[in-house]
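> Provided below are the primary sequence and the corresponding predicted coordinates.
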Amino acid sequence: MVSSMMEIKVLAQRLVGTACGLMVMLGCSHAPVQQPMEVAGTGTSAARGQMAEDIRTTPRLVIPRRPSTYDNAVAQANPPTSLGGVATAATAQPSDLRRLQQLAAAHFAAMQTYVARVHRREQVNGKDGPEEWLAFQWRRQPWSVHMKWIGSEHQGREVIYVRGQHGDLLHSLLASGDIPLMPAGKHMALRLDNVFVRSASRHAITEAGIGNLVWQFTVAVDSYEKGERRFGSVRYLGKVRRPEFADPMDAVEQLIPANVEPSTPEGGRRWWLFDATAHLPLLVITLDQKGHEAEYYCYDRIQENAALGDNDFNPASWDHASGGR
């Protein structure tokens, strides 16, 4: 009897072991099945699960307007266009998200000034704005920004704002057609809450620059790691290639819930792309719930800690140059 019981016990253990082995082989274990992903520029596979499968099998990003030569290049992007369930939580790797956030925050904290070229497109009040190219200067103390439009759109327009100086006003040098009956080169000083100021962009002047992007990303990651969904879900997509930059970029996808951001009231999708050297979010693309581009910001040709002084943020220099117009 004892011998029979022992044989039954051994047989049962073998059956259990065989069953467990089959579960692992068939992907039925508690660990999720991982699908391989081709890492940009390496030709090796990395386990990113369904996120990686989504990147490989979904359509490439198509920007649906202004089919210029540059846009045709941008259209060869990696992220998908289908929004799917905007409010659905994504499976993210907090360690990857936090790593990117910490690298970006640490690098930006060491920047006292920078000069960059900015390429942007914005949807303002439901209308697609023009494609704009700007020369951008920023200083940490006192907080200062100087933007000059260098493309064909609004060419010659300039904006200067220095927190607490020059009347704490936004100073603008008008381009032709900015305001009816106002000549190009006219210097105007406006309050930050002026209707003309707020209607010209999706964001206030105090939100301009890379620093605000780092802060927004930090808020999104903090909220996600706390289990909140106020700012939506975020997930790390791995390395992707973009035509704007030579090296692969770290990509993060943010799903924006409805009624969170006034500019995308029905929700949407945002891609954060971090450059390989400074680990800063130099490319940010937002689509609305219908998949239409709501904003596109690209910072390149960056010169960190450039020698910028008060004269670089002094609107009085315009008056001297124009004879006081």
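Right, received. Where do you want to start?
> Could you give the average pLDDT over the helix or strand hosting Leu255?
Assigned by DSSP states H and E, Leu255 falls within strand 249-256. Average pLDDT, strand 249-256: 96.
> next SSE after it?
Using DSSP H and E, the helix or strand that follows strand 249-256 towards the C-terminus is strand 268-274.
> Other residues contacting the next helix-or-strand element following that next one?
Going down the chain from strand 268-274, the next helix or strand is strand 281-288, by DSSP H and E. Outside strand 281-288, the residues within contact range by CB atoms under 8 Å, 6 or more residues apart in numbering are 61, 77, 79, 81, 83, 104, 123, 210, 213-214, 217, 242, 244-245, 249, 256, 264, 266-275, 293-300, 302. C-beta coordinates here come from the backbone N, C-alpha and C atoms, glycine included.
> what pLDDT does Ser317 get?
pLDDT for Ser317: 87.
> Return the members of the contacts of strand 281-288 classed as buried.
By neighbour count, with 16 or more other CB atoms under 10 Å, those hold 61, 77, 79, 81, 83, 104, 123, 210, 213-214, 217, 242, 244-245, 249, 256, 264, 267-275, 293-299, 302 as buried.
> Give the bridge partners for the nearest residue to Phe274 once chain neighbours are set aside, please.
Of all residues not flanking Phe274 in the chain, Asp250 sits nearest, at 4.3 Å (CB to CB, 6 or more residues apart in numbering). Residues in a beta bridge with Asp250, per DSSP bridges, are Lys239, Phe274.
> who are the neighbours in contact with Asp250?
100, 236, 238-239, 273-274, 276, 279.
> cool, and Ser176?
Per CB under 8 Å, 6+ apart, neighbours of Ser176: 156, 183-184.
> cool, Phe217 as well?
When contacts are counted by CB under 8 Å, 6+ apart, Phe217 touches 100-101, 104, 252, 272, 281.
> again, only this time at 6 Å
Applying CB atoms under 6 Å, 6 or more residues apart in numbering to Phe217 gives the contacts 272, 281.
> For it, identify the helix or strand it belongs to.
Counting by DSSP H and E, Phe217 is found in helix 210-225.
> And the strands in this protein, which stretches?
36-38, 45-47, 113-124, 127-128, 132-139, 144-149, 158-162, 170-173, 187-190, 233-240, 249-256, 268-274, 281-288, 293-304 (DSSP state E).
> and Ser95, which of the ones you listed is closest to it?
Closest approach to Ser95 among the strands of the chain (CB to CB): strand 233-240, 8.8 Å.
> Quick one: list the elements packing against the closest one.
helix 94-109, strand 249-256 (3 or more CB pairs under 6 Å, 6 or more residues apart in numbering; DSSP states H and E).
> domain ranges for this structure?
Per the record, the chain has its domains at 79-108+209-300, 112-206+307-322, by automatic domain parsing.
> out of those, deepest packed?
Mean neighbours per residue, mean count of other CB atoms under 10 Å, is largest over these for domain 79-108+209-300, with a mean of 18.
> Where does pLDDT dip in the chain?
Regions of the chain meeting the criterion pLDDT under 70 cover residues 1-94, 195-202, 320-325.
> before we move on, back to that, and the contacts of Asp250 as JSON lines, adding distance to Ser152?
JSON lines is the format used below for the contacts of Asp250 (distance: CB to CB, whole Å):
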{"residue": "Leu100", "distance to Ser152": "35"}
{"residue": "Tyr236", "distance to Ser152": "37"}
{"residue": "Gly238", "distance to Ser152": "36"}
{"residue": "Lys239", "distance to Ser152": "34"}
{"residue": "Leu273", "distance to Ser152": "26"}
{"residue": "Phe274", "distance to Ser152": "30"}
{"residue": "Ala276", "distance to Ser152": "31"}
{"residue": "His279", "distance to Ser152": "33"}
